[in-house]
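1. Take a look and give me a structure for this.
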Amino acid sequence: MPSASPVAETDAQLATRLAVEAGELLVALRADMFAAGASIWDVRDAGDAAAQQYLAGELQTHRAEDAVLSEEGREDVRRHEADRVWIIDPLDGTREYGESGRHDWAVHVALWERTNFGAAAVSLPAVDLVFSTDPPAPMPKRARDRPRLVTSRSRAPYAAVLVAEGLSCDAVRLGSAGAKAMAVVMGEADIYVHDGGMYQWDSAAPAAVAMAAGFHASRVDGSPLVYNERDPWLPDFFVCRPELVDGVLKAIWG
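-> The predicted structure follows:
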């Protein structure tokens, strides 16, 4: 369903539009497939494929000279020398997408320009929300005395356990990385820590959106996040409110 983009669409406007439109496609596809009696496996596969096809087509149409790094796409060798690389996750949280009624899945679209983000957006299509680097989301006031830590549905990473114990956190569980990071941006949680099993496309757009809004995002050792490395594996990162950074690092490293 490629669409004509507005004249002089900025990178941030493009990222936001693509995240929204891919999300709308995914919402409609899931509803139609479940109504037709499709299995969760078919729904998941179809969602991955449809969102990838849409995003790849739109980027080819509107940013053909840029390289692309995508979970679902073939390796674009141009990215190793490119100044501009779109890092996308067409369907972050495929597992949750395949469960009717779940909202904790996302679409990630980010632009990496050599050493920093040029633009990014994360949509949460099932709840009709999108977060962009321009304009950035306003940082909500801290709403609780005990920090709230958001972590995986299936397991609690060791670093998250350390943070939960060190800062006496309350814990909540959500699905995709994008949904967890945006829970922090929305103020529904205060900290998201992940330390094992992640790729660049899992964290790029969420990190960019969070940092644009004034939140902290880095590797779990506090070092800066660097994207478009030849190896797409970037196994750890954390996002939190700025006033909690020192406490998180101390809880992990002592």
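
2. From now on I want contacts and neighbour counts done on CA atoms only, so please keep to that.
-> Will do.

3. Which stretches in this protein count as strands?
-> For the chain, the strands defined by DSSP state E occupy 67-70, 85-92, 106-113, 116-124, 129-132, 148-152, 170-174, 191-195, 216-218, 236-240.

4. Low-confidence ranges, the stretch 1-150 of the chain, go.
-> Residue ranges of the stretch 1-150 of the chain with pLDDT under 70: 1-7.

5. List the contacts of stretch 142-153.
-> For stretch 142-153, the surrounding residues in contact (C-alpha atoms under 8 Å, 6 or more residues apart in numbering) are 157, 160, 164, 167-176, 180, 183, 187-194.

6. Need the buried ones from those selected in PyMOL.
-> A single PyMOL command selects the buried members of the contacts of stretch 142-153 (16 or more other C-alpha atoms under 10 Å):
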select buried, resi 160+164+167+169+171+174+175+176+180+183+187+188+189+190+191+192+193+194
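
7. what pairs with the closest residue to Arg78 other than its chain neighbours across the strands?
-> Spatial nearest neighbour of Arg78, chain neighbours left out: Ala67 (5.8 Å); criterion: C-alpha to C-alpha, 6 or more residues apart in numbering. Beta-bridge partners for Ala67, by DSSP bridges, are Val85.

8. and of the strands of the chain, who's closest to Pro140?
-> Proximity to Pro140, assessed across the strands of the chain by C-alpha to C-alpha, is greatest for strand 236-240 (12.3 Å).

9. Just give me how far that closest one sits from the chain centre.
-> 12 Å (C-alpha atoms, centre = their mean, to the nearest Å).
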